[in-house]
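In: here is a sequence with its predicted model. Questions after.
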Amino acid sequence: MSHEDFPTENPAVVTCGLPYANGDLHVGHLRTYVGGDVFARSLRKLGQETAFVSGSDMHGTPVAVNAAKEGVTPEEFALDWHEKYEATFPKFNVEFDNYGHTHDETNTELTQDIVRTLDENGHVYEDEVMVGYDPEADQWLPDRYVEGKCPYCGAHARGDECDEGCQRHLEPGEIEDPVSTLTGNTAEYRERTHKFFRVSEFQEYLQEFIDRLEGTSNARNQPREWIEGELQDWCITRDMDWGIDYPDDDVSEESDGSLSPSDTDDLVLYVWVDAPIEYISSTKQYTERVGAETYDWEQTWKESGEIVHIIGRDIIQHHTVFWPAMLKGADYNEPRAVMASGFVTLGGKGFSTSRNRAVWADEYLDEGFHPDLLRYYIATNGGFQQDVDFSWEKFRDRVNSELVGTVGNYLYRSLLFAYRNYEGTPEAPLSDEVRERIEEAQSEFGEAVNDYNVREAGTAAVRLAKFGNEFIQRNEPWKLTDEDPEEAAQVIRDCVQIAKAIAVLFEPIAPEKCQRLWRGLNEDGHVRDVGIDAALDDPAASFDEPTELFEKIEDERVEELNEKLEARTAEATADSEDGADSEDGEETETDDSAESSDGDVTAELEPLTEERIGFDDFQALDLRVGEILAAEGIEGADKLAKLTVDIGFEERQIVAGIKQLHDLDALVGERIVIVANLEKAELFGVESNGMLLAAGDQADILTTHGDAEPGTKIQ
Ligand SMILES: [Zn+2]
């Protein structure tokens, strides 16, 4: 069963993974929220009715632990962060239709209602389980209160997930060599009665579901291993005070009598039960505010809605295994798509909140940078599932070359010329050439949205601006005003249309900047509310003198910002007694990469070759840009993959040793560098006609910085 293309007749909901109400937001955290906002706006541009929702995740052990450290209640602690997030997102033009939190009444009621339904439908049972206990603290040790060894991969694991190893969800009692994080003592395992959700019953359903699921390939491929293996049932209660109470009013009657109601009184639901339900609760709150005639949450979640989840790649399992099983078991709709983003690194290393090695969300704005610049950077710097590196240098480079150099430059020169010569749009029909180019940009945009490709949707307008610059250069309207006024009017009419199309198509990425452009073009209303068809509507006859839309970032600013960051990191490292302390999973993962790249790199590098070669020797290598059209593993070979590469003149089959090092599906569409005139070879019975260039043991594939076409010679 394949899904109908967007826009469909059904209402859609785009959700963003809930931020954990546990600390300041840095630019890395913004990745999924900006991505989600761009995607929701893009769907609306296509005419898809869309709600965009999220909320703060208030429960779970890290909140309880950190609240205790600060001597406040978990509720006070989490609410404080929730309010900060609620204020921060709009500053980055991330405009949720509803932003709730998991501890509010809507979510508490809906969670208990869904768990009751799961129970009534026979999907919940009671069982004995071993739970960590700290005798000295006289306390149960759910989730993050216990650390130890992952039973699957042996990595150090914290509580309910193997976040430094195999990324698996861990059930209570599974961690080996358990240690209490309260006292550092060895934890005891003691038997307790808990509630379990029969995920195992949904195995067949999930196997079919994953074939239907759309979104990024990592979210479709990664869960197969879990779904095809033996699915474990899922303990859905915890021995804690902080959380949503297990709805046990009528449960004890259905149980086999082994448990009295008072035993479940002190159980709360596992945080991963009530967290995703907030997606539904938040949509429900939106309907309660705007009315069901405007947006009907029940239609979306229970009848025929397009549910798109946007998450970080560390929580794929929850969204592709547990969550769809819960929805199915409680008679709700299943997700249509899951888009799982890569992480953001800082100057090639992980963000570290404990070491203050981060660019904070508030700090970015305080430095005077426009939110739309960061939106552009993090939404289009790489494919959605790739990791994106942030550095002030790279940020400057992309702002200066693409936003200032391509988009801003096009808009300013074309609109200034139109204003000076015609005080607006000259009277002339739109040329076929420009109409077709704008139609091409519209379809690129539509196809990218249907491919869940945020980067491509976001850069359709940039490619159009690039065309605009070439179009002006080629037609030289400044020469024509005297020689051929009619032709000059035609060219400038075309140029204004391109500017209008950029405002429409670039709005999802740069909503505030595009609204300014829209007003500058003397258009009414908000560019957010117009569909992509508006790109071809006639521009206003008159408009005011344009102003520059984007400002160049100077090198001195970058130096200054780098110095600040370094000074602060040094200070924090010196102050910190336990610099390795960290608060969330994402951070731990990125911290690790920081440590591994801290070492002396040159010691591991292959020495430079002393012998020099002549330019002719270099010229003998025919290096070309290629675009990967298809990538698949070669059966029987551990490392080899077969690539189909478009090199402009022809398609080539190339064999490369990258099978285990890359997500092959994600490589499709990448521009790479190949040696085109290498002798043909046969590997595992497969012909290789050329060689792909890649760096190091991890086969870091060389890609192009700009958009050189396939076949372009590299020199
Ligand atoms: Zn593991």
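Out: Now that the structure is in, tell me what you want to look at. Numbering: from 1, shown residues only.

In: helices and strands around the host helix or strand of residue 54, which ones?
Out: For residue 54, the element it lies in under DSSP states H and E is strand 50-56. Where contact means 3 or more CB pairs under 8 Å, 6 or more residues apart in numbering; DSSP states H and E, strand 50-56 is packed against strand 12-16, helix 30-45, helix 74-91, strand 98-101, helix 271-290. All C-beta atoms are positioned from the backbone trio N, CA, C, and that covers glycine.

In: give the buried residues for the third one.
Out: When you say that, I think you mean helix 74-91. Residues of helix 74-91 classed as buried: 74, 77-79, 81-82, 84-85, 88-89 (neighbour count, 16 or more other CB atoms under 10 Å).

In: same question, the longest one
Out: Neighbour counts over helix 271-290 (16+ other CB under 10 Å) mark 271-287 as buried.

In: just the CA coordinates of it, formatted as CSV?
Out: Provided in CSV are the C-alpha atoms of helix 271-290 (Å, rounded to 0.1, in the frame of the first residue of the first chain):
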residue,chain,number,x,y,z
VAL,A,271,7.8,8.2,30.6
TRP,A,272,7.9,6.7,27.1
VAL,A,273,4.1,5.9,27.4
ASP,A,274,2.9,9.4,28.1
ALA,A,275,5.5,11.3,26.0
PRO,A,276,4.4,10.4,22.5
ILE,A,277,0.7,10.7,23.6
GLU,A,278,1.5,14.4,24.0
TYR,A,279,1.5,14.5,20.2
ILE,A,280,-2.2,13.6,20.3
SER,A,281,-2.9,15.8,23.4
SER,A,282,-1.3,18.8,21.8
THR,A,283,-3.3,18.3,18.6
LYS,A,284,-6.4,18.0,20.8
GLN,A,285,-5.6,21.3,22.5
TYR,A,286,-5.2,22.9,19.2
THR,A,287,-8.7,21.8,18.1
GLU,A,288,-10.1,22.9,21.5
ARG,A,289,-8.8,26.4,20.7
VAL,A,290,-9.7,26.8,17.1
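
In: which residue ranges form the helices in the stretch 501-650 of the chain?
Out: With DSSP state H, counting those that start in this stretch, the ranges of helices along the stretch 501-650 of the chain come out as 511-520, 555-575, 585-598, 615-619.

In: now do the first one: which elements does it pack against?
Out: For helix 511-520, the helices and strands in contact under the criterion 3+ CB pairs under 8 Å, 6+ apart are helix 371-380, helix 485-506.

In: model confidence over that helix, on average?
Out: What helix 511-520 shows for mean pLDDT is 98.

In: and the angle from the strand holding residue 54 to strand 12-16?
Out: Relative orientation of strand 50-56 and strand 12-16, computed by axes from the mean of the first three to the mean of the last three CA atoms, to 10 degrees: 30 degrees.

In: contacts for strand 50-56?
Out: 11-21, 33, 36-37, 40, 43-44, 78, 81-82, 85-86, 95-102, 107, 278-279, 281-283, 286, 295, 297, 300 (CB atoms under 8 Å, 6 or more residues apart in numbering).

In: partners of the nearest residue to residue 179 once chain neighbours are set aside in the sheet?
Out: The shortest distance from residue 179 to any non-neighbouring residue, by CB to CB, 6 or more residues apart in numbering, is to residue 147 (5.3 Å). Legend: beta-bridge partners of residue 147 under DSSP bridges are residue 158, residue 179.

In: if I look at residue 147, how far off is residue 157?
Out: Residue 147 sits at a distance of 7 Å from residue 157 (criterion: CB to CB, to the nearest Å).
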